[in-house]
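# need a structure here:
(2 chains)
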Amino acid sequence: MFAPTIHLPRRKTRTLEGSPWVRWTLITVALGFLAVFLVVPLVAVFTFAFQKGWEAYLAAITEPEARSAIVLTLTAAAIAVPLNLVFGLAAAWLLARFRFRGRALLLTLIDLPFSVSPVIAGLIFVLLFGRQGWLGPFLSEHDLHVIFAVPGIVLATVFITLPFVVREVLPVMQTQGSDEEEAALTLGASGWRTFLRVTLPKVKWGVLYGVILCNARAMGEFGAVSVVSGHVRGVTTTLPLHAEILYNEYDFAGAFAVASLLTLLALVTLVLKKYVEWRSEAS
Amino acid sequence: MGSLTRRHVLPGFKLSLGFTWAYVGLLVLIPLSSLFLKTFSLTWLQFWETVTAPRALAAYRLSFGASLSAALANVVFGLLVAWVLVRYRFPGRSLVESLVDLPFALPTAVAGLTLTTLFSAKGWYGQYLEAWGFKVAYTSVGVAVALTFIGLPFVVRTVQPVLEDIDVDVEEAAATLGATPWQTFARVLFPAIFPALLSGFTLAFARALGEYGSVVFISGNMPLRTEIVPLLIVTKLEQYDYAGATAIAVVMLMASFLLLLVVNVLQRWSHRRLEARAGA
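Take a look at the predicted model:
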């Protein structure tokens, strides 16, 4: 921990870092590329959002349809994130601590939502619950609506964000081992108590990291939600869908006002992510 | 330390096994199998005609070509950005380091809207590009631009840790033995980062194939010309051609499965190489 680090003067020209001229050319090209693709688009979102002034901006994000889009986006995330958090903890515990038949298959299935196109994620729920779907006749008999309604949006969101928490918690649990848990159990703690008091504190930064990423994706998902939503204005439109509708109606300032909310979400996500990385390195 | 002894000591095996399988079964396995069941409602001939229709072939060509060019652009710029972040110190470096993940955090629809507006004829970029005769928005180039944005972090994030682990001494040794900088790069550095570069490329490519949100705005969505595969699926769904949409989706799913397999093999291979290096 307290080993002194000795900084020897480096002979930089010998390594590939190159002469100052090479170095600054590479830095300029890399930063130029990032400016064109990342910084300017970020600035553009807010410039376009405020092009008609503050009042138009506030009006665009507080009108009834925008408000209902905000509520629906928050609702979908508020259901999807806790569900996938509980699932992520259970699955990580199972996959990190036990070897059993079908483990590799389970891992593949958990990763699937990442590798499947969002459009296919929406499609599979349409095939199950849509009017022509397997459960379609049953649902319409009981006057239940899943597709082109809120439940479909929630289902698609849960599917798309399923792997996030497991994928972050699993490697942390694997590297930490289970010696402390075994000690707690030997001393007479119950299984739940051991999990809550020993395991959870050990993996908390991994859990938080997974939750942050899961939440960002849940609130920002477009493709899967678009397929199951049916775009009923003010009823089944989340924030990204609302931005799309305004854009297609040539209300650019309104579309970017809504998009700026989602951009703020992305920036907050990046800051939180950095904070969690910093804290987990410190601990 | 057998896994058998652990199973007896640690609790919760049956509970977590049952819960995990039930959750994955209900949310992933059953919905996905409905996809394959639906394809059986088509005869072989119908399936074949759907997936080889000219419009579908044009969509595969565009999706594949644009994803490939985007992934290659990501390899070049991803390697450059990773190199600059690892080897050089400059003002604003930690800000850049955080900003690289923006395409992962930014909702794809926002990326699509913004890039389309920037690259359209009157946009901040488009007005200059069109003066030079380049049309980006509503062309296949625009599709590749959006996919390059989406895949940007993959190569940076796979190559960066490998670059950080490389000992600068090795490069110095090569230089001392008379290697030119180019030889040192080609013979020493490149072989070490190649597996990471390849898996970053595959991840970006796979993501680009399925991407929808950022592309629909910039592509203009003209059938046979700027229509990507995911959009073709959506169009068929909107026309209530469920079986047709499913057939195209199955072809796409097969392609992603193949890529996932490649990623797994590559990761195992590079892992083994690294272990062999560490052991030597």
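
# Quick one: low-confidence residue ranges for the stretch 151-280 of chain B.
Flagging of the stretch 151-280 of chain B using pLDDT under 70 yields the residue ranges B:274-275, B:277-280.

# which bits of it sit near chain A?
By the criterion of C-beta under 8 Å from any C-beta of the partner chain, the positions of the stretch 151-280 of chain B lying close to chain A are B:152, B:168, B:171-172, B:175-176, B:181, B:184-185, B:189, B:206, B:209-213, B:217, B:229-231, B:233-234, B:237, B:240, B:242, B:245-246, B:249, B:252-253, B:256-257, B:259-260. Backbone N, C-alpha and C define where each C-beta goes, glycine included.

# Buried only: go through the residues you listed for me.
Of the members of those, the ones counted as buried by neighbours, 16 or more other C-beta atoms under 10 Å in any protein chain shown, are B:152, B:171-172, B:175, B:181, B:184, B:189, B:206, B:209-213, B:217, B:229-231, B:233-234, B:237, B:242, B:245-246, B:249, B:252-253, B:256, B:259-260.

# Restricted to helices, list these.
When DSSP state H defines the helices, the subset of these inside them is B:152, B:171-172, B:175, B:181, B:184, B:206, B:209-210, B:213, B:217, B:229-231, B:233-234, B:237, B:242, B:245-246, B:249, B:252-253, B:256, B:259-260.

# any idea how far chain A is from the spatially most central residue of chain B?
Relative to the mean C-alpha position of chain B, the nearest C-alpha, by C-alpha atoms, centre = their mean, is the one of B:Ala204, at 2.1 Å. Remark: distance between B:Ala204 and chain A (C-beta to the nearest C-beta, to the nearest Å) = 13 Å.

# List the residues that contact B:Ser67.
With C-beta atoms under 8 Å, 6 or more residues apart in numbering or on different chains as the criterion, the residues that contact B:Ser67 are B:147, B:205, B:208-209.

# which one is the residue of the stretch 151-280 of chain B found nearest chain A nearest to, not counting chain neighbours?
When distances are taken as C-beta to the nearest C-beta, the stretch 151-280 of chain B reaches nearest to chain A at B:Gly210, 3.0 Å away. In space, B:Gly210 comes closest to A:Ser117 once its chain neighbours are excluded; the distance is 3.0 Å by C-beta to C-beta, 6 or more residues apart in numbering or on different chains.

# burial measure for that neighbour, as a count.
A count of nearby residues for A:Ser117, using other C-beta atoms under 10 Å in any protein chain shown, gives 26.

# wait, isn't it in contact with B:Ala208?
No: shown here, A:Ser117 and B:Ala208 do not form a contact pair, counting by C-beta atoms under 8 Å, at 10.3 Å.

# ok, B:Ala192 to A:Thr62 distance?
Here B:Ala192 is placed at a distance of 54 Å from A:Thr62 (C-beta to C-beta, to the nearest Å).

# The two: who's more crowded?
B:Ala192 (19 against 11).

# any idea which element that one lies in?
Counting by DSSP states H and E, the element that carries B:Ala192 is helix B:190-210.

# And that helix, what does it pack against?
If you count contacts as 3 or more C-beta pairs under 8 Å, 6 or more residues apart in numbering or on different chains; DSSP states H and E, helix B:190-210 packs onto helix A:118-129, helix B:54-87, helix B:140-165, helix B:242-279.

# got the CA positions of the helix or strand following the first one in PDB?
The reference is to helix A:118-129. The helix or strand immediately downstream of helix A:118-129 is helix A:136-141, counting by DSSP H and E. Taking only C-alpha atoms (Å, rounded to 0.1, in the frame of the first residue of the first chain), the coordinates of helix A:136-141 have been written out as PDB:
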ATOM      1  CA  GLY A 136     -54.300 -12.100 -28.700                       C
ATOM      2  CA  PRO A 137     -57.700 -13.900 -28.700                       C
ATOM      3  CA  PHE A 138     -57.600 -14.500 -24.900                       C
ATOM      4  CA  LEU A 139     -56.600 -10.800 -24.200                       C
ATOM      5  CA  SER A 140     -59.300  -9.300 -26.400                       C
ATOM      6  CA  GLU A 141     -61.900 -11.600 -24.800                       C
END
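
# what about A:Val232, how many neighbours?
Around A:Val232 there are 11 other residues, counting by other C-beta under 10 Å.

# Quick check: phi and psi at it.
Backbone dihedrals for A:Val232, given as degrees, to the nearest 10, come out at phi -80, psi 110.

# That one reaches A:Phe148, doesn't it?
Yes: using C-beta under 8 Å, A:Val232 and A:Phe148 qualify as a contacting pair, with a distance of 6.6 Å.

# how about the strands in the stretch 51-200 of chain A?
Using DSSP state E, counting those that start in this stretch, the strands of the stretch 51-200 of chain A do not appear at all; there are none.

# Could I get the average pLDDT for stretch A:89-105?
When pLDDT is averaged along stretch A:89-105, the result is 93.

# For it, buried residues please.
Buried residues in stretch A:89-105, counted by 16+ other C-beta under 10 Å: A:89-98.

# separation between B:Leu260 and A:Phe114?
9 Å.

# Next up, the contacts around the residue of the stretch 151-280 of chain B closest to chain A.
A:115-120, B:230, B:252, B:256.

# repeat that for 7 Å
B:Gly210 sits next to A:116-118, B:230, B:256 when contact means C-beta atoms under 7 Å, 6 or more residues apart in numbering or on different chains.

# Mind checking the helices and strands packed on helix B:190-210 for the one nearest to B:Gly12?
The closest approach between B:Gly12 and any of those, judged by C-beta to C-beta, belongs to helix B:242-279 at 28.1 Å.
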